[in-house]
Every structure is written in structure tokens, then in C-alpha cells.
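Trainee: Provided below are the primary sequence and the corresponding predicted coordinates.
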Amino acid sequence: MSDKSIVWHQTSVSKQDRQALNGHKSCIIWFTGLSGSGKSTLANALAKALHEQQVRTYVLDGDNIRHGLNKDLGFSPQDRVENIRRIGEVAKLFVDAGIIALTAFISPYRADREQVRSLVEDGEFIEVYVKCPLSECEQRDPKGLYKKARAGEIPEFTGISSPYEEPEQPEIIIETDRLSVKEAVEQLLRLLKDCQIIS
Ligand SMILES: Nc1ncnc2c1ncn2[C@@H]1O[C@H](COP(=O)(O)OS(=O)(=O)O)[C@@H](OP(=O)(O)O)[C@H]1O
Ligand SMILES: Nc1ncnc2c1ncn2[C@@H]1O[C@H](COP(=O)(O)OP(=O)(O)O)[C@@H](O)[C@H]1O
């Protein structure tokens, strides 16, 4: 709902001012993929590598956000849409704050990811498709959720009983059944340099 009586306030310190102070640009690095594909692992490994280079980062992670901001949401299609909408808005605030936001959510719907892309300026949304075959994710099963989903204990589980729409034109595809975490981080750092987010 939009309200014409609410006016957007310009701030006295701009995004550009904050980026200049930090010495790097800000953006959203949006990791998407199946549960167990490696989104959290890669987002955290990249954040650590960036932090070591004095780059300001913040990781928004599925499980953590669902404990707080989005604890009222479940896994129905409507709730997943709202989950990603809110996270997109939060990530946009981080970009405005001059920080690189790394998000690790399944974000199964293409339209929702594209909606987040449209919230920020060109080049500020980097979609990382964390690609891993369902069979491999299921074998990893770091939280034992696939086993429960197969047993019918978790309804609407992504990849089993709920869809995952692959990105059509992600900025990068990381195949975690082929690359090590170290190799993936190297590729991502190279991409950030090529996109002139970091120097
Ligand atoms: N039904 C169902 N489907 C998928 N995932 C489930 C489900 N129920 C619980 N979980 C756990 O919740 C994590 C996914 O939350 P997300 O916020 O990333 O999901 S979504 O983007 O709204 O689809 C996901 O975490 P990750 O394994 O880190 O992806 C699961 O641990
Ligand atoms: N190349 C890789 N990249 C990322 N994770 C990997 C890789 N190889 C094995 N793994 C393992 O796969 C699991 C991925 O879990 P997690 O990062 O929580 O995935 P997600 O956040 O997508 O659910 C971890 O146990 C991780 O150690």
C-alpha cells in the first residue's frame, strides 16, 4: 500500500559519501540455491575474505532472519514471497549504508529475485547461483531436513515438494559439487574486482 502523505527524506550523508569513507562500493551479493547447496558456507567464507581486506560486509542468513524479523513467516508460497521482499528491503538499506550485504536464502522464485534486483541501481545486485544437484544436497543433508522431508515430516520442502526456479542470467554460477570453497571464494573475489566493487 502506498501513502501519498508519506514523503521520502533525503539524508544529509549520501550513499556515495559512505562508500568514499569505506573505500569500496556497496552492493547485494545474492546467493540462491537449494537447501544444502552451500549458500551459507560461501557467503560466510566470502565475508571473511572481504573483511580481511578491510571491506565492510554483513551476512543476512535464512535461519537467523527467520528467528527474528521474519519469525511470523512459514514456507507457503505467499510467505516465501514476503520473506524475500523484506530481506530485499533490508539488503537495500545495507547498500545505502555503504556495506556489502551477502544474503543466503533459497529464494526459489525468479520473480522475487528480480524484484530485489529492481530495488537497487544497475550493478548493485550480484546474483550468485549456488548450483548443486539435488542428489548431492540430499547426501550432504547438513541439518537432516531432506530425510525428514522424504519421510513426509516437512511439507513443501524445496526440491522435493516445492519448486526451485533456477536463475536464467545470474552474474555467476558456482557449482559446489565441482569447486572447493576456496576456489569459489577466489572466483567471487575476481568477479567483485571485475565489477569494480572492490579494488
Ligand atoms: N519447507 C522448507 N523448504 C525449504 N527450507 C526449509 C523448509 N523448512 C525449513 N527449512 C529451512 O529453512 C531454510 C530456508 O529458509 P529461506 O528463508 O532461505 O527460504 S525461502 O527463501 O523463503 O524459500 C533452509 O535453510 P538452508 O538449508 O540454509 O537453505 C532450511 O534449513
Ligand atoms: N564446495 C562447497 N561449497 C560449499 N559447501 C560445501 C562444499 N562442499 C561441501 N560443502 C558442504 O555442504 C554443506 C552446505 O551447507 P550450507 O552452507 O548450510 O548450505 P545452504 O546454506 O545452501 O543450506 C556444508 O556442510 C558444507 O561444508
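Mentor: Great, that's in hand. Ligands and ions are numbered 1, 2, ... in the order given.
Trainee: residues near Val181, how many?
Mentor: For Val181, the count of nearby residues is 15 (other C-beta atoms under 10 Å). Placement of C-beta: from N, CA and C, glycine included.
Trainee: Spatially, and excluding backbone neighbours, which residue is closest to it.
Mentor: Sequence neighbours aside, Ala45 is the residue nearest to Val181 in space, at 5.2 Å (criterion: C-beta to C-beta, 6 or more residues apart in numbering).
Trainee: element containing that neighbour, please.
Mentor: Assigned by DSSP states H and E, Ala45 belongs to helix 39-52.
Trainee: which residues sit against that helix?
Mentor: Residues outside helix 39-52 that contact it (C-beta atoms under 8 Å, 6 or more residues apart in numbering): 29, 31-33, 57-59, 61-63, 100, 102-106, 128, 130, 174, 176, 181-182, 184-185, 188-189, 192, 198.
Trainee: Stretch 153-160 now?
Mentor: Counting by C-beta under 8 Å, 6+ apart, 34-35, 75-76, 106, 108, 134, 137, 145-146, 148-150, 161-162, 164 sit against stretch 153-160.
Trainee: Quote the end-to-end distance of it.
Mentor: 12 Å (C-alpha to C-alpha, to the nearest Å).
Trainee: among the helices and strands of this protein, which one scores worst on average pLDDT?
Mentor: None of the helices or strands of the chain scores lower by mean pLDDT, DSSP states H and E than helix 62-65, at a mean of 84.
Trainee: Against which helices or strands is the top helix by length along the chain packed?
Mentor: Counting by DSSP state H, the longest helix found in the chain is helix 77-96. If you count contacts as 3 or more C-beta pairs under 8 Å, 6 or more residues apart in numbering; DSSP states H and E, helix 77-96 packs onto helix 15-22, strand 28-32, strand 57-61, strand 100-104, helix 110-117.
Trainee: how does it look with 10 Å?
Mentor: Helices and strands touching helix 77-96, by 3 or more C-beta pairs under 10 Å, 6 or more residues apart in numbering; DSSP states H and E, are helix 15-22, strand 28-32, strand 57-61, helix 62-65, strand 100-104, helix 110-117, strand 125-131.
Trainee: Would you indicate which residues of it are buried?
Mentor: Buried residues in helix 77-96, defined by neighbour count with 16 or more other C-beta atoms under 10 Å: Arg80, Val81, Asn83, Ile84, Ile87, Gly88, Val90, Ala91, Lys92, Phe94, Val95.
Trainee: List the contacts of the first one.
Mentor: The one in question is Arg80. Leu73, Gly74, Phe105, Ile106, Ser107, Pro108, Tyr109, Asp112, Glu156, Thr158, Ser162 (C-beta atoms under 10 Å, 6 or more residues apart in numbering).
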